[in-house]
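Colleague: Quick one: sequence plus predicted model below, questions after.
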Amino acid sequence: MDKQNVENLFDNISRRYDVANYFTSLGIERYWRRKFSAHISGSEKYVLDGCCGTGISTLNIVNKIKEKGARVFGVDFSEEMLEVARRRLLKINLKSENKINAEIEFKQGDVSDLNFKDNYFDIISIVFGIRNVINREEALKEFFRVAKPGGKLIIMEFNFPQKSFFRKLYSFYIGRVLVNIGGVITKNKKAYQYLVTTIKNFPPVEEFTSLITSAGWANAKAEKLTLETCTIFSAEKSCNN
Ligand SMILES: C[S@@+](CC[C@H](N)C(=O)[O-])C[C@H]1O[C@@H](n2cnc3c(N)ncnc32)[C@H](O)[C@@H]1O
């Protein structure tokens, strides 16, 4: 698929994406997102959530931010996904008991060509998004450019497990069960066939960790979750940059 097709696909499934995610991951997604938030210290002031989609990942980070005057940007190229994110934020803001410390902006943009200045962000995240990015190397370099020296990169992504027995079982699960549940919920089975293909084609953990390092990031690490079906990658921009 080219960039325009991927954008159209996400526009098309935007309204049912969150519900489909919950059911296709059998609820495990919530546990993964909690593991992800453990990487946010709360002292970050400038935050970028790339491929923010419907804003779940962005608001997950925002909930941890304690720094006054923090600015959080969610960037995605699907305008329809962003609309869902903006509505979600509006609902939260309308409930006065939900105090959000940060100023949040959902912006349309391509993560491989970011419209932000150099050395700006304390943390850059991308949750279940990088495997859908056509030019991943360019995106990792762009994240590096806009991160402050000492800034962090946190990426969470699905993986196709390497161990052969479980690999077959998982292949059956994502190829049959996930495609059908996601397809019924979003009324777009083709979208879920594509999403499963991107999970299968995503590079193995060690290879992707090396790609992060090649983009300039230091201290790249990978934390494998749930029988290697999901990984949290983390890295830092060295203070010498
Ligand atoms: C699977 S969703 C993830 C959404 C969200 N981060 C979450 O945690 O659920 C992937 C998102 O990546 C976006 N995307 C894919 N390639 C992109 C690119 N090059 N630039 C910006 N957004 C992109 C899609 O539009 C989609 O909303």
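Modeller: Right, received. Where do you want to start? Small disclaimer: the values here were computed from a predicted structure and weren't measured.
Colleague: now stretch 216-226: how far from the chain's centre is it?
Modeller: 15 Å (C-alpha atoms, centre = their mean, to the nearest Å).
Colleague: Kindly report the same for stretch 175-183.
Modeller: That offset, for stretch 175-183, works out to 21 Å (C-alpha atoms, centre = their mean).
Colleague: list the buried ones in it?
Modeller: Neighbour-count burial for stretch 175-183 flags 175, 178-179, 181-183 (criterion: 16 or more other C-beta atoms under 10 Å). Heads up, the C-betas are built off the backbone N, CA and C, glycines and all.
Colleague: Over to stretch 210-221?
Modeller: So for stretch 210-221, counting by 16+ other C-beta under 10 Å, buried means 211-212, 215-217, 220.
Colleague: Sitting in helices, which of those residues do you find?
Modeller: Among these, DSSP state H puts 211-212 in helices.
Colleague: what does the chain have sitting close to the ligand?
Modeller: Residues of the chain found near the ligand (C-beta under 6 Å from any ligand atom) are 6-7, 10, 51-53, 56-57, 76-78, 81, 110-112, 127-129, 132-133.
Colleague: Quick check: the residue of the protein nearest the ligand.
Modeller: At 2.4 Å from the ligand, Gly53 is the closest residue in the chain, using C-beta to the nearest ligand atom.
Colleague: got the contact list for whatever helix or strand Glu80 lives in?
Modeller: Assigned by DSSP states H and E, Glu80 belongs to helix 79-94. When contacts are defined by C-beta atoms under 8 Å, 6 or more residues apart in numbering, helix 79-94 is touched by residues 10-12, 14-15, 17-18, 52-56, 58-59, 74, 76, 98, 100, 104, 106-108.
Colleague: Out of the residues you listed, which end up buried?
Modeller: Among the contacts of helix 79-94, those classed as buried by 16+ other C-beta under 10 Å are 10-12, 14-15, 17-18, 52-56, 58-59, 74, 76, 104, 106.
Colleague: what about the helix or strand where Arg30 lies, distance to the chain center?
Modeller: Using DSSP H and E, Arg30 maps to helix 28-37. Once both centres are worked out by C-alpha atoms, centre = their mean, helix 28-37 turns out to sit 12 Å from its chain's centre.
Colleague: try stretch 224-238
Modeller: Remark: stretch 224-238 is offset 12 Å from the chain centroid, using C-alpha atoms, centre = their mean.
Colleague: May I have it as CSV, with CA atoms only?
Modeller: This file holds the C-alpha atoms of stretch 224-238, laid out as CSV (Å, rounded to 0.1, in the frame of the first residue of the first chain):
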residue,chain,number,x,y,z
LYS,A,224,9.3,-8.1,25.1
LEU,A,225,5.7,-8.6,26.4
THR,A,226,3.2,-11.4,26.3
LEU,A,227,5.1,-14.2,24.6
GLU,A,228,6.8,-11.7,22.3
THR,A,229,3.6,-10.5,20.7
CYS,A,230,4.3,-6.9,21.7
THR,A,231,7.5,-5.0,22.4
ILE,A,232,8.4,-1.7,24.0
PHE,A,233,11.5,-0.2,22.5
SER,A,234,13.3,2.7,24.3
ALA,A,235,16.3,4.8,23.4
GLU,A,236,17.9,8.1,24.2
LYS,A,237,19.4,11.0,22.3
SER,A,238,22.9,11.3,23.8
